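Asker: Next one to model:
(one chain, ligands or ions: 1)
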Amino acid sequence: MTWGDFGRRRGDSRRDGAAREGYVTIDTRFVERNHKASRKGTQLMAITRLTRLDLSNLSAWISTAMPWLDKPAASLHNAFDPIFGQHGVPIVKDALYGTWLGHPLHPPITDLPIGFWTSSLVFDVLEMEDAADLTLKLGTVSAMGAAVTGVAQWHDLQEMESPRRVGTLHAILNVSATACYGASWVLRARDARAAGIAFSTIGIALATAGGLLGGDLAYKLGIGVSRVAFDEQEAEWTIIAAIDDIEDGKLHRVEVSGESIVVLKQGQAIHAASATCTHVGGPLDEGEIDGTCVTCPWHGSQFDLRDGRVIHGPATSPIHAYETRVTNGHVQIRARAKK
Ligand code: FES
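Answerer: Purely as a prediction, here's the structure:
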């Protein structure tokens, strides 16, 4: 993150530079010209610094400036290892990853607490107490679902510094928001309505900050985005190898038009699919074969090479699968017709 360094250079170039870099700016020329109002100027300078927070680099700044997040990250990871680790129950893990949905389950689940809590705020403003309290409770309960699906998406990313740290801060903010709403629930039930509203107001501020980091995780760091989303599949029959070069029962990697393809020959059958794991890009050609399925060597996602579908997460999106044929001693592939 870049903080504006007010007063670094004189003149309008400073203002232009700030605009170029996408800062939110305040015209501070007034401060420079009015030397007599130095005290007031100092206050404005502080406000200017705050409003120049460069949100476009937030995740990079958190990652470099907050190494202390590794400690709570390790605790969180260990706490959920019995569920999401190697010995977790696959059907439970897959349900929480969103493997059945075709994309991560966490983002749509977060709509529930955000929607309920925002509604509660509006009902508080309108002094509709029953509606405000009901939506607050629904938001708080649904936040549990958002939390556990969020950990599911984050648990296997420990070797990636930015997702690990930004995800941890995202979790801390959202758990704090949920705690505030829990306190608000109790206070409202005890007729301490003003204090309850104060807590829920802090809660929504924390949840908003948490949501901002969630956006960074998805749209800046690409967590949850299929790693083959932008790969173009070869639509015409294309030679990828001589059949004699493909050893039976072994995974082979070939490059075709910029996409890495993993090829598996099993007797007469030849399977070909993307060699890039859709989770965070693991090399499937280095994975393990089990029948027609391949298991990613990084975090254990399993794909069926016949059609690319995900058998087990943490991946949630399928890999691209290809039609194959052998012509004149050469293996050819082309994209499967879309159904
Ligand atoms: S990269 Fe994570 S399971 Fe493949």
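
Asker: does Gly88 sit in a helix, a strand or a coil?
Answerer: What DSSP: H, G, I helix; E, B strand; the rest coil gives for Gly88 is coil.

Asker: what's the closest non-adjacent residue to it?
Answerer: Pro82 (6.7 Å; CB to CB, 6 or more residues apart in numbering). All C-beta atoms are positioned from the backbone trio N, CA, C, and that covers glycine.

Asker: Could you list which residues are in contact with the closest residue in space to Gly300 that isn't next to it in sequence?
Answerer: Once flanking residues are discounted, Gly300 sits nearest to His312: 7.0 Å by CB to CB, 6+ apart. Going by CB atoms under 8 Å, 6 or more residues apart in numbering, His312 touches 90, 93-94, 99, 300-302.

Asker: One more pass at 10 Å, please.
Answerer: 90-91, 93-94, 97, 99, 293, 295-296, 300-303 (CB atoms under 10 Å, 6 or more residues apart in numbering).

Asker: Make a ChimeraX selection of the buried ones in those residues.
Answerer: Buried residues within the contacts of His312, by 16 or more other CB atoms under 10 Å, are selected in ChimeraX with:
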select :93,94,97,99,293,295,296,300,301,302,303
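
Asker: which of the contacts of His312 come close to the ligand?
Answerer: Taking CB under 6 Å from any ligand atom as the test, the ligand is in contact with 296, 300-301 out of the contacts of His312.

Asker: Now for the contacts of His312: which two are most distant?
Answerer: Ile91 and Cys296 (18.6 Å; CB to CB).

Asker: I'd like the mean pLDDT over the helix or strand that Leu112 is a member of, please.
Answerer: Leu112 is part of helix 106-125, with elements assigned from DSSP states H and E. Here helix 106-125 scores 97 as its mean pLDDT.

Asker: Could you pull out the buried residues of the helix or strand that it is followed by?
Answerer: Next helix or strand after helix 106-125 toward the C-terminus (DSSP H and E): helix 129-154. By 16+ other CB under 10 Å, the buried positions in helix 129-154 come out as 132-133, 135-140, 142-143, 145-154.

Asker: wait, what's in contact with Gln266?
Answerer: Listed by CB under 10 Å, 6+ apart, the contact partners of Gln266 are 248-249, 289, 291-292, 305.

Asker: filter those residues to the buried ones?
Answerer: Buried, going by 16+ other CB under 10 Å: Leu305, out of the contacts of Gln266.
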